[in-house]
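**Student:** attaching a predicted model along with its sequence, questions to come.
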Amino acid sequence: KPEPLSRELHGKIGLRRMDRPFGFAANTNVVPLTVGEFPVAGLSYPIIFAGDRYQPLAVMGVRQGTNLYVGQDGAFEIGAYIPAYIRRYPFVLANDQSREQLVVCIDRAASMLGEDYDLPFFNEAGEPTDYTNGCIQFCNDFENEGRRTESFIGLLKELDLFEVARSSFTPNNPDGTQGQPQPIAEYFAVSEAKLKALPQEKLLELVANGAVAQIYAHLMSLTGWDRLIALSMARQAPMAPANMN
């Protein structure tokens, strides 16, 4: 229930501190990432690209509707990176087409909002509190990182570095032999072969602008599929193929 943040509508509410506040993400298996998050996010999740816009995603589960890193009680896996897309909630920037600008909104239906708040959105004078200003700045920074991510993706498309990739799981049969591979996901990834085939001057440009580091953070993260499969097996969750491209 997104609403533009205003003192008229939200002057008497704020954020309640919650020990386990991430329950809203328990039913999603992929979360958008910005390119600046690749190095740290890649330590926790496979990073893939999906859709016509090649949206970078952190994969948090092998079946749709199940996040293996967030419990139903809202607790996030200890030590796992929490993407900015999740951390900014319940704040979000939305396009106001009538004024051709972005406006700060909150999800009024968020369980952590209410009149019995710990952190008010506005002070007694009706001005945004330091907490609110910090959240607005975080959203602005996230939006800027989004534009940088679009430029990064545009560069990869220009150089034709994407390829279709697939992940699968090979179960063991009761007799100890290996069964047939089971498809898990189909998505876009950077082709290391195409990357290495680029002219030297292009490679040097990618090194200079930092793109190579982000590319290899993505490529190294793909080893995380094994971790996801192990987590899924530990929870005995059935794995249905998920088309992510």
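**Tutor:** Looks like it arrived, so ask away.
**Student:** ranges for the strands of this protein?
**Tutor:** Applying DSSP state E to the chain gives strands spanning 2-4, 14-15, 30-32, 47-50, 55-59, 91-96, 101-107, 113-114, 119-120, 162-169, 182-190, 242-243.
**Student:** which ones are touching the closest residue to Arg17 other than its chain neighbours?
**Tutor:** Once its chain neighbours are removed from consideration, Arg17 has its nearest residue in Asp118; the separation is 4.5 Å (CB to CB, 6 or more residues apart in numbering). For glycine as for every other residue, the C-beta is placed from the backbone atoms N, C-alpha and C. Asp118 makes contact with Gly14, Leu15, Arg16, Arg17, according to CB atoms under 8 Å, 6 or more residues apart in numbering.
**Student:** I figured the third one hits Met112, correct?
**Tutor:** Same thing as Arg16. Yes. Under the criterion of CB atoms under 8 Å, Arg16 lies in contact with Met112, with a separation of 5.1 Å.
**Student:** what about these two, which has more around it?
**Tutor:** Legend: neighbour count by other CB atoms under 10 Å for Arg16 and Met112, higher for Met112 (19 against 16).
**Student:** could you check how far that one is from Ala58?
**Tutor:** With distances defined as CB to CB, to the nearest Å, the gap from Met112 to Ala58 amounts to 22 Å.
**Student:** same thing with Gln200?
**Tutor:** Gln200 sits 32 Å away from Ala58, going by CB to CB.
**Student:** who's more crowded, the two?
**Tutor:** It is Ala58, of Gln200 and Ala58, that has more neighbours when counted by other CB under 10 Å, with 27 against 7.
**Student:** any idea how far that one lies from Asp116?
**Tutor:** Applying CB to CB, one obtains 33 Å for the distance of Ala58 from Asp116.
**Student:** next: Glu201.
**Tutor:** With distances defined as CB to CB, the gap from Glu201 to Asp116 amounts to 61 Å.
**Student:** show me where the protein has helices.
**Tutor:** Under the criterion DSSP state H, the chain contains helices at 7-10, 38-41, 84-87, 130-158, 192-196, 200-208, 211-221, 225-234.
**Student:** now the fourth one: buried residues?
**Tutor:** When you say that, I think you mean helix 130-158. Under the neighbour-count criterion of 16 or more other CB atoms under 10 Å, helix 130-158 has Thr132, Cys135, Cys139, Phe142, Glu145, Thr149, Phe152, Ile153, Leu155, Leu156 buried.
**Student:** re earlier: out of the contacts of Asp118, who's nearest Leu195?
**Tutor:** Using CB to CB, Leu15 is the member of those that sits closest to Leu195, with 43.6 Å.
**Student:** residue contacts, the closest one?
**Tutor:** If you count contacts by CB under 8 Å, 6+ apart, Leu15 has them with Pro90, Met112, Leu113, Tyr117, Asp118, Leu119, Phe121, Tyr131.
**Student:** how about it, nearest residue that isn't a chain neighbour?
**Tutor:** Using CB to CB, 6+ apart and skipping the chain neighbours, the partner closest in space to Leu15 is Leu119 (4.4 Å).
**Student:** surely that neighbour and Met18 touch.
**Tutor:** No. No contact is recorded between Leu119 and Met18 when judged using CB under 8 Å, the distance being 11.4 Å.
**Student:** of the two, which one has the most company?
**Tutor:** Using other CB under 10 Å, the more surrounded residue of Leu119 and Met18 is Leu119, with 15 against 12.
**Student:** which ones are touching the more buried one?
**Tutor:** Going by CB under 8 Å, 6+ apart, Leu119 touches Gly14, Leu15, Arg17, Thr129, Tyr131.
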